[in-house]
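Engineer: Give me a model of this one.
(one chain, ligands or ions: 1)
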Amino acid sequence: MGIVRYVVCAMSGGVDSSVAALLLKRRGYQVTGVFMKNWDSLDEKGVCTSERDCEDAYKVCQMMDMPFHQVSYVKEYWHEVFSNLLGEYQKGRTPNPDIMCNKHIKFKHFYQYAVNILEADAMATGHYARTSQEDEEVFQKSLKPADEFLFRNRSEIRKTVRLYQGADRLKDQTFFLSQIEQDALRRTIFPLAGLTKEYVKKIAAEAGFHHVLKKKESMGICFIGERHFEDFILQYLEPKPGHFVSIEDGKIMGKHKGWFTFTLGQRARIGGQKHPWFVVDKDIRTGEIFVGPTTNHPALLRDTLQTNRFHWISGEPPAELVHTQMMECHFRFIHQMPLTPCCVTLNLDGSVWITSKQPLRALTPGQFAVLYKGDECLGSGKIVQLGPSEHTLQRVRVQQLPESAA
Ligand SMILES: Nc1ncnc2c1ncn2[C@@H]1O[C@H](COP(=O)(O)OP(=O)(O)OP(=O)(O)O)[C@@H](O)[C@H]1O
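Structural biologist: Numbering: from 1, shown residues only. I've put the predicted structure just below:
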């Protein structure tokens, strides 16, 4: 196999994957649409949004005369994504289930279903991202018939496939794809790679996909829908009430229901306090949440973090990092946050230290630090440890001053 003719497109019932499937058809591929069900209970209004989404995806397939399937990964999602999310909260971290869903569900179980069960040559999604293969495809298109998308495989030189930011920088979703495996990426097409969201909506309108255009854009964690996040997650975790404590003077400021869902930098709504306070630290042994009186309090500013074993999209660390143990590049730890220049050092256990060129607000354990070199997304690692905050450093400096100067 080298030429791709048959593609399975992951269809969510949203505008992006509907247009992705349409573009694949227009390019001359044989396309099957597949909807994934990852969560099966109803929301607080008794609505199972996934049923409506599935119907919407089916309708788009009917309009294009395309086969449609539905698969359930409810069990896999529970064991590989949701349990992990609860475990991270219990460790006092702030997890990212969307990155884990791409890693374990879309680009593992769904990918295997597409290529092994449906025997597709490739899978596709409506993500805004590009790969080095998409660039090659454009080049090949100018030389070859429209339906030829050449993937590197065993019979050819297994060239590493790179992940690049999508052309629409505001919509770029490489952040969420930063943990996927090279094997899956090698057989993935992102049909929206070079398009802007505006243009995608225009294509959807022209194609008559009005039922998907009307829908609100999905935000945040896919299965929670309109529900209040804290109430939802506290149904699954034992309540651990405790105190809010001022980082300035150790004074108790109020009580909270449980520290799990409080994340660094978040505004802490403390009863009886007129001015806003912000979460700057948590002590999971005592249940104390430390708060500071300003949004950019020095206790929230840090420039150094350590990740767990770093996941490199290409399968291995860049040669520059291996040879010199150090590399300058950019990173972000929140989707759509501006890229920040940083210096990376590689540890023997495969983890990395990242030092930002400037202190950043609310670097948070559990979140993923995603590295970029130019347009390329190199991969990511989960933040497991933070360097000292500006607040700690200031206090150390004061303690070190000679008595006369202090
Ligand atoms: N339930 C699902 N079933 C099948 N594929 C899905 C499902 N949810 C997401 N996907 C795939 O993952 C891609 C990214 O999903 P995500 O929800 O992050 O983005 P989106 O921009 O809202 O996409 P869309 O407009 O297609 O819903 C989708 O375009 C689709 O290809």
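
Engineer: how about the residues of this structure near the ligand?
Structural biologist: 10-12, 14-17, 35-36, 106, 125-127, 217-218, 222 (C-beta under 6 Å from any ligand atom). Just so you know, the C-beta spots here come from the backbone N, C-alpha and C atoms, and that holds for glycine as well.

Engineer: ok, 8 Å please
Structural biologist: 9-18, 20, 34-38, 50, 53-54, 57, 98, 102, 106, 110, 124-128, 171, 173, 176, 212, 217-218, 222 (C-beta under 8 Å from any ligand atom).

Engineer: Among the residues you listed, which are located in strands?
Structural biologist: 9-10, 34-37, 124 (DSSP state E).

Engineer: Point out the least confident one among those.
Structural biologist: Among those, Lys37 carries the weakest pLDDT, at 93.

Engineer: Just give me the neighbour total for it.
Structural biologist: Neighbours of Lys37 under the rule other C-beta atoms under 10 Å: 16.

Engineer: From Phe260, how far out is the residue of the chain found nearest the ligand?
Structural biologist: Nearest residue of the chain to the ligand, counting by C-beta to the nearest ligand atom: Gly14, 2.1 Å away. For Gly14, the distance to Phe260 equals 30 Å [C-beta to C-beta, to the nearest Å].

Engineer: right, and the residue of the chain closest to the ligand touches Gly126 too?
Structural biologist: Yes: between Gly14 and Gly126 there is a contact under C-beta atoms under 8 Å: 7.0 Å.

Engineer: any idea how far the helix or strand harbouring Cys377 is from the chain center?
Structural biologist: Cys377 belongs to strand 376-386 when assigned by DSSP states H and E. Counting by C-alpha atoms, centre = their mean, to the nearest Å, strand 376-386 is centred 11 Å from the centre of its parent chain.

Engineer: which residue ranges form the helices in the stretch 301-406 of the chain?
Structural biologist: Under the criterion DSSP state H, counting those that start in this stretch, helices of the stretch 301-406 of the chain are mapped to 319-324, 390-400.

Engineer: ok, back up a step: okay, now the sheet partners of the strand holding Cys377, with direction.
Structural biologist: Sheet pairing of strand 376-386 (DSSP bridges) gives strand 163-165 (antiparallel), strand 301-309 (antiparallel), strand 311-312 (antiparallel), strand 368-373 (antiparallel).

Engineer: ok, residues contacting the longest one?
Structural biologist: Here strand 301-309 makes contact (C-beta atoms under 8 Å, 6 or more residues apart in numbering) with 333, 347, 349-361, 363, 368-369, 380-391.

Engineer: Apply 7 Å and report the result again.
Structural biologist: For strand 301-309, the surrounding residues in contact (C-beta atoms under 7 Å, 6 or more residues apart in numbering) are 349-356, 358-361, 363, 369, 381-387, 389-390.

Engineer: Next: stretch 188-196.
Structural biologist: 7, 16, 19-20, 23-24, 122-131, 134, 149, 166-168, 200.

Engineer: Please identify the buried residues of that stretch?
Structural biologist: 188-193, 195-196 (16 or more other C-beta atoms under 10 Å).

Engineer: again with stretch 333-347
Structural biologist: Buried, per 16+ other C-beta under 10 Å, within stretch 333-347: 333-335, 340, 342, 344, 346.

Engineer: Strands - which of those land there?
Structural biologist: Judged by DSSP E, those include 340, 342, 344, 346 as members of strands.

Engineer: Tell me what the residue nearest to the first one when sequence neighbours are not counted is bridged to.
Structural biologist: The shortest distance from Thr340 to any non-neighbouring residue, by C-beta to C-beta, 6 or more residues apart in numbering, is to Ser356 (5.3 Å). The partner list for Ser356 in beta bridges (DSSP bridges) reads Cys342.

Engineer: what's the closest of the buried residues of stretch 333-347 to Met63?
Structural biologist: Proximity of the buried residues of stretch 333-347 to Met63 (C-beta to C-beta) peaks at His335, which lies at 31.1 Å.
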